[in-house]
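[1] I need the structure of the sequence given here:
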Amino acid sequence: MINARTNYGQKGLHGLYWGIHRFVDSNWCIKMKNMGGSVERLPDQDLSRVKSTDSLVIMGNIWVHKDEKECVLFRHPDIVNKTGADWWYWDNPQLPHLLYRGDWNPMGHKNWMRLIQNNTATPPTTAFENSDGRINRQLNKITHGKHTTWESIVGPRRPVEARSKVALLCPSGAGIFPNYYNINKTDWIREKTLQLQKQGWEVILRDKPSRGQREIDNGKLYEQLTMQNIGITVSIHSVGPVESLLAGVPAIVEGRHAGGPGTTPWQDFIQTGAINTPHQSDVDAWVETILNHTYHKTEAYTGEWHNGK
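    Below you'll find the model as predicted:
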């Protein structure tokens with residue numbers, strides 16, 4: 001039985017490090033074979049060893065691996081796709097509120113995750129899938145009925161609209177820029193700031209805070225959006241657009257992102273000035289879609305995430 005105070009993200013429960021692993025049996029338990037699981041690490045992250053019939057799981061971004069020799073072995077998802085193998089990407093959930101502290105997560109543990117098939121985030125073209133029931137049941141169970149729906153943990157809701165000419169610039173971690181997009185983080189910030197200012201926007205930079213910083217002094221994104229009367233958010237490779245839309249702030253996006261079809265692509269915004277303002281029901285439908293790819297880690301370690309479908 002899952003417990004809100006237990007840290008299900010601790011490495012001792014799964015044994016994986018960042019990078020590519022291969023399933024070696026059909027139990028789909030995402031923990032190392034020597035721990036009773038179904039995966040083994042791909043030696044040297046060598047994709048030539050991968051067959052099109054293989055199934056892989058990629059944990060996060062390998063450049064933060066503890067071993068310096070492993071850090072340089074990042075494999076871009078486009079390259080992994082060329083193997084023809086199915087793969088699932090493991091990272092933090094696309095509904096970031098699940099990792100915020102509350103009755104559902106009093107210790108702020110990373111107890112939920114996302115597992116996306118053949119991508120790092122749910123693509124905006126994904127057909128809407130209503131799958132919030134499983135997460136709602138988990139929230140109900142671990143909070144003893146205090147929270148029975150995901151809507152109750154996401155903070156204040158407002159209609160999505162640009163309420164000011166203030167743009168909050170939300171860059172990802174530094175490693176994302178060269179590894180995924182072959183650009184420099186500093187250059188990205190400078191370029192976006194200048195372009196926004198030319199269009200009359202005041203720009204505030206929100207450099208990605210640590211998880212601890214987000215839990216103090218109104219450090220959550222949705223808190224900053226409401227307290228500083230932000231008009232739009234601008235991000236790259238982020239789950240932030242989900243939090244932005246839920247807080248009623250239009251999200252301008254670039255790269256791979258989890259914001260869904262209600263966001264505005266950066267190039268469209270720059271070329272036309274248009275800003276998408278989806279209805280709350282459309283935002284909710286998208287959240288229910290990404291929850292279809294969201295799991296409590298107990299489901300991953302037992303294989304239930306796959307076998308239960």
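[2] for this structure, what spans make up the helices?
    Assigned by DSSP state H, the chain shows helices spanning 68-71, 77-81, 132-142, 176-181, 185-198, 211-214, 221-227, 240-246, 266-272, 280-290, 297-302, 304-307.
[3] Would you mind writing the CA trace of the third one as PDB?
    Output of helix 132-142 as PDB, limited to C-alpha atoms (Å, rounded to 0.1, in the frame of the first residue of the first chain):
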ATOM      1  CA  ASP A 132      -7.300  10.800 -14.400                       C
ATOM      2  CA  GLY A 133      -9.200   8.100 -12.500                       C
ATOM      3  CA  ARG A 134      -6.100   6.100 -11.500                       C
ATOM      4  CA  ILE A 135      -4.200   9.200 -10.200                       C
ATOM      5  CA  ASN A 136      -7.300  10.400  -8.400                       C
ATOM      6  CA  ARG A 137      -7.600   7.000  -6.700                       C
ATOM      7  CA  GLN A 138      -4.000   7.300  -5.600                       C
ATOM      8  CA  LEU A 139      -4.400  10.800  -4.200                       C
ATOM      9  CA  ASN A 140      -7.600   9.700  -2.400                       C
ATOM     10  CA  LYS A 141      -5.800   6.800  -0.800                       C
ATOM     11  CA  ILE A 142      -2.600   8.500   0.400                       C
END
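[4] Would you indicate which residues of that helix are buried?
    Buried residues in helix 132-142, counted by 16 or more other C-beta atoms under 10 Å: D132, I135, N136, Q138, L139, K141, I142. For the C-beta atoms, the positions are set from N, CA and C on the backbone; glycine is no exception.
[5] The second one against N292, yeah?
    No: if you go by C-beta atoms under 8 Å, I135 and N292 don't touch, sitting 9.4 Å apart.
[6] distance of Y180 from N27?
    32 Å (C-beta to C-beta, to the nearest Å).
[7] what do you get for P159?
    From P159 to N27 the distance is 46 Å (C-beta to C-beta).
[8] the more surrounded of these two?
    It is N27, of P159 and N27, that has more neighbours when counted by other C-beta atoms under 10 Å, with 14 against 11.
[9] Need the pLDDT of that one.
    Per-residue pLDDT puts N27 at 97.
[10] OK, contacts around it?
    For N27, the contacting residues are G37, S38, G303, N307, by C-beta atoms under 8 Å, 6 or more residues apart in numbering.
[11] Which one of those sits in the busiest neighbourhood?
    Ranking these using other C-beta under 10 Å puts G37 first, with 25 neighbours.
[12] While we're on that residue, how confident is the model there?
    98.
[13] Pull up the gap between it and L115, please.
    14 Å.
[14] R41 too?
    Distance from R41 to L115, by C-beta to C-beta: 18 Å.
[15] Could I get the contacting residues of E215?
    So E215 contacts Y100, R101, G108 (C-beta under 8 Å, 6+ apart).
[16] From those residues, keep the buried residues only.
    Neighbour-count burial (16+ other C-beta under 10 Å) applied to the contacts of E215 gives Y100.
[17] from the contacts of E215, which is closest to I275?
    I275 has its nearest neighbour among these in Y100, at 26.8 Å by C-beta to C-beta.
[18] What residues does the closest one make contact with?
    Residues in contact with Y100, defined by C-beta under 8 Å, 6+ apart, are G108, I153, R214, E215, K220.
[19] burial count for the third one?
    Read that as R214. Counted with other C-beta under 10 Å, residues neighbouring R214 total 20.
[20] need the contact list for the nearest residue to it once chain neighbours are set aside.
    Closest residue to R214 apart from its sequence neighbours, by C-beta to C-beta, 6 or more residues apart in numbering: K220 at 5.4 Å. Contacts for K220 (C-beta under 8 Å, 6+ apart) come out as Y100, G155, R214, E243.
[21] And those, which is the shakiest by pLDDT?
    Within the contacts of K220, pLDDT reaches its minimum at R214, with 71.
[22] Could you report the distance from that one to P261?
    Per C-beta to C-beta, R214 is found 27 Å from P261.
[23] Show the pLDDT at the residue positioned nearest the centre of the chain.
    Centroid check for the chain by C-alpha atoms, centre = their mean gives Q94 as the closest residue, at 3.7 Å. Note on Q94: pLDDT of 98.
[24] Just the CA trace of stretch 204-222, in PDB.
    The C-alpha trace of stretch 204-222 is given here as PDB (Å, rounded to 0.1, in the frame of the first residue of the first chain):
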ATOM      1  CA  ILE A 204      11.500  38.800 -16.100                       C
ATOM      2  CA  LEU A 205      13.900  35.900 -16.000                       C
ATOM      3  CA  ARG A 206      13.000  32.800 -14.000                       C
ATOM      4  CA  ASP A 207      16.200  30.700 -14.100                       C
ATOM      5  CA  LYS A 208      15.200  27.200 -13.100                       C
ATOM      6  CA  PRO A 209      15.200  27.100  -9.300                       C
ATOM      7  CA  SER A 210      16.200  24.000  -7.300                       C
ATOM      8  CA  ARG A 211      13.400  21.800  -6.000                       C
ATOM      9  CA  GLY A 212      14.100  23.200  -2.500                       C
ATOM     10  CA  GLN A 213      13.800  26.800  -3.600                       C
ATOM     11  CA  ARG A 214      10.400  26.100  -5.200                       C
ATOM     12  CA  GLU A 215       9.000  25.100  -1.800                       C
ATOM     13  CA  ILE A 216       9.900  28.300   0.000                       C
ATOM     14  CA  ASP A 217       9.000  32.000  -0.300                       C
ATOM     15  CA  ASN A 218       6.300  31.500  -2.900                       C
ATOM     16  CA  GLY A 219       8.800  29.800  -5.200                       C
ATOM     17  CA  LYS A 220       6.400  27.600  -7.100                       C
ATOM     18  CA  LEU A 221       5.800  28.700 -10.700                       C
ATOM     19  CA  TYR A 222       2.100  29.200 -10.300                       C
END
